[in-house]
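Undergrad: how does the following fold in three dimensions:
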Amino acid sequence: MTQQRTVHTADLTAGELSRIRVLLEAAFKGDFDDSDWEHGLGGQHVLIDHGGGLVAHGSVVQRRVLHHGRSLRAGYIEAVAVRADARRRGLGSRVMRELERLVDGAYDLGALAASDEGAPLYAARDWWRWPGTLGTLGPSGPVPLPEEEGAVWVRSAPHALDSSDGLLFDWRDGDVL
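TA: Numbers count the residues shown, from 1 in each chain. Coordinates of the predicted model:
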């Protein structure tokens, strides 16, 4: 039997957090560190269990994005993963459907950084690759992030963002985006 639930980080047990971390480390094949883990905490998690084991996860956390003179609430998608033996069964889409419901209901826009492998999932779900510039508001002021351009995807009303003006994300340790 497959069960899906949405739960805030504060309501996850230590055992559940451990299971999530194990899933993410395996899914990202060793390319998931403490900063990546930290980025996925503090918001809502979508968990899918099948046969007593965790098979899929994703989370949405709030971030601030400066754009066109406004500070926007962004629902930033993090730590989306499906266990290797459960892939290509629609579980990633199920996780994203719930995350998108949360983003659409609570935030000004959705944003995420996608790998080349993950990009087709987001493109098929009305996310679009941000065509403008990217940066972060670092401790010493704005920092351009040209190396990240093309990797960030957004979800918003088409008129809500002006790609001639960049997105300036809040600062965080590890990878900013």
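
Undergrad: what helices or strands is whichever strand in the chain runs longest leaning on?
TA: If you go by DSSP state E, the chain has its longest strand at strand 53-67. If contacts are counted by 3 or more C-beta pairs under 8 Å, 6 or more residues apart in numbering; DSSP states H and E, strand 53-67 sits against helix 14-27, strand 44-50, strand 70-82, helix 91-106, strand 109-113, strand 167-170. Glycine gets a C-beta too; all of them are placed from N, C-alpha and C.

Undergrad: chain center to that strand, what's the gap?
TA: Strand 53-67 has its C-alpha centroid displaced from the chain centroid by 4 Å (C-alpha atoms, centre = their mean, to the nearest Å).

Undergrad: now do stretch 75-83
TA: Taking the mean of its C-alpha atoms, stretch 75-83 sits 5 Å from the chain's own mean (C-alpha atoms, centre = their mean).

Undergrad: so for residue 131, which of the helices and strands packed on strand 53-67 sits nearest?
TA: Closest approach to residue 131 among the helices and strands packed on strand 53-67 is made by strand 167-170 (10.6 Å; C-beta to C-beta).

Undergrad: so for the closest one, what gets flagged as buried?
TA: 167-170 (16 or more other C-beta atoms under 10 Å).

Undergrad: please apply the same query to stretch 64-83.
TA: 65-67, 72, 74-83.

Undergrad: how about stretch 29-47?
TA: Across stretch 29-47, burial judged by 16+ other C-beta under 10 Å covers 32, 36-37, 39-41, 43-47.

Undergrad: got those as a markdown table, with distance to residue 5 and pLDDT columns?
TA: A markdown table is the format used below for those (distance: C-beta to C-beta, whole Å; pLDDT from 0 to 100):
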| residue | distance to residue 5 | pLDDT |
| --- | --- | --- |
| 32 | 22 | 95 |
| 36 | 23 | 97 |
| 37 | 20 | 98 |
| 39 | 21 | 98 |
| 40 | 16 | 98 |
| 41 | 17 | 98 |
| 43 | 15 | 98 |
| 44 | 10 | 98 |
| 45 | 9 | 98 |
| 46 | 8 | 98 |
| 47 | 6 | 98 |
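
Undergrad: ok, so of the residues you listed, who is nearest residue 163?
TA: Closest approach to residue 163 among the buried residues of stretch 29-47 (C-beta to C-beta): residue 39, at 24.7 Å.

Undergrad: that older thread, can you redo the buried residues of strand 167-170 as JSON lines with pLDDT and distance to residue 177?
TA: Shown next, in JSON lines, are those (pLDDT from 0 to 100; distance: C-beta to C-beta, whole Å):
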{"residue": "167", "pLDDT": "97", "distance to residue 177": "9"}
{"residue": "168", "pLDDT": "97", "distance to residue 177": "11"}
{"residue": "169", "pLDDT": "98", "distance to residue 177": "6"}
{"residue": "170", "pLDDT": "97", "distance to residue 177": "11"}
